[in-house]
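In: My questions concern the predicted model and sequence given below.
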Amino acid sequence: MQLQTKLNQLQEEIISALCGIKEFPEGFLLHIVYVEEEKGLPLSCGSSVYNVYNLTKIFPDGTCMLENPETGIEETRELNEINIDWLITVWSWYCDLSGEQELEAVEIGIAKLLQQMKPIATALVTSLFITDFTVHDTDFIRRTKAETPFIWLVYESGTKLYAANCTQRLCDFLQTLDYHENHSQMDFYLFRYDGEKLFPVFPKITRILTESELIKISTQKKQIKWKKLEF
């Protein structure tokens, strides 16, 4: 299943849940949301922008009422126009107020991480090699439930993901880093995921952290080996 399909599925589940609410708890609406549009001023992002609205009503047919906070004018829009992060926020707010069971937290975590990574990959990687991200990286994140820390290398000819808990993959990363620093003519970018957040990192710092992680893993393995021998 491709990334966009998974995100669409999550979006549909949240919208369905919101439309199925029979009684809105007190204080639930109005709620700030953001909508990606071609025109507007705040939070410019390329050729489109994220404009802020007040979500004032939700209807069973998947539509909603959005209020422009500057003009006070309300208009009927589709819930699927709202940025998925804010749909998740609205649903979580409803759950907090009503005691309703939240959507599977793992699926939400996976979707949010992939949504962070997608614009980076699509902006930097040639379309011919984008399957490195949409297939291989996505599969790893889903298998590990977005819980395993990793180093993410992004360059024009693809992406490579290195699990931080695997000695061989960390060694592979150091070799790849040497190649890109000393031989490759292509620009490359590094990101680190600590199990909760994805953030850009400098090669030198990443090298130091990776070497430290290798030493830590090696020490732990030796300790386990000695314990087995003592037993």
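Out: Right, received. Where do you want to start? Residues are numbered from 1 along each chain as shown.
In: Toward the C-terminus from the helix or strand of the chain with the lowest mean pLDDT, list the very next helix or strand.
Out: Ranking every helix and strand in the chain by mean pLDDT, DSSP states H and E puts strand 44-45 at the bottom, with a mean of 48. Downstream of strand 44-45, the first helix or strand assigned by DSSP states H and E is strand 48-58.
In: can you list the domains in the protein?
Out: Residue ranges for the domains of the chain, per automatic domain parsing: 3-103, 116-230.
In: Mind putting those domains into JSON lines with distance to G109 and mean neighbour count?
Out: Glycine gets a C-beta too; all of them are placed from N, C-alpha and C. Listed next are the domains of the chain as JSON lines, based on distance: least, Cβ to Cβ, whole Å; neighbours: other Cβ atoms under 10 Å:
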{"stretch": "domain 3-103", "distance to G109": "10", "mean neighbour count": "15"}
{"stretch": "domain 116-230", "distance to G109": "5", "mean neighbour count": "15"}
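In: Tell me which of those approaches I110 most closely.
Out: I110 lies closest to domain 116-230 among these, at 4.7 Å (Cβ to Cβ).
In: Show the average pLDDT along that closest one.
Out: Domain 116-230 shows a mean pLDDT of 85 in the predicted model.
In: Check stretch 79-86 too.
Out: Mean predicted confidence for stretch 79-86 is 90.
In: Just the C-alpha atoms of that stretch, please, in PDB.
Out: Only the C-alpha atoms of stretch 79-86 are listed here, as PDB (Å, rounded to 0.1, in the frame of the first residue of the first chain):
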ATOM      1  CA  LEU A  79     -13.700  18.100   6.100                       C
ATOM      2  CA  ASN A  80     -11.100  16.500   3.900                       C
ATOM      3  CA  GLU A  81      -9.800  20.000   3.000                       C
ATOM      4  CA  ILE A  82      -8.500  20.300   6.600                       C
ATOM      5  CA  ASN A  83      -4.800  19.400   7.100                       C
ATOM      6  CA  ILE A  84      -4.600  15.900   8.500                       C
ATOM      7  CA  ASP A  85      -2.600  16.900  11.500                       C
ATOM      8  CA  TRP A  86      -5.400  19.200  12.500                       C
END
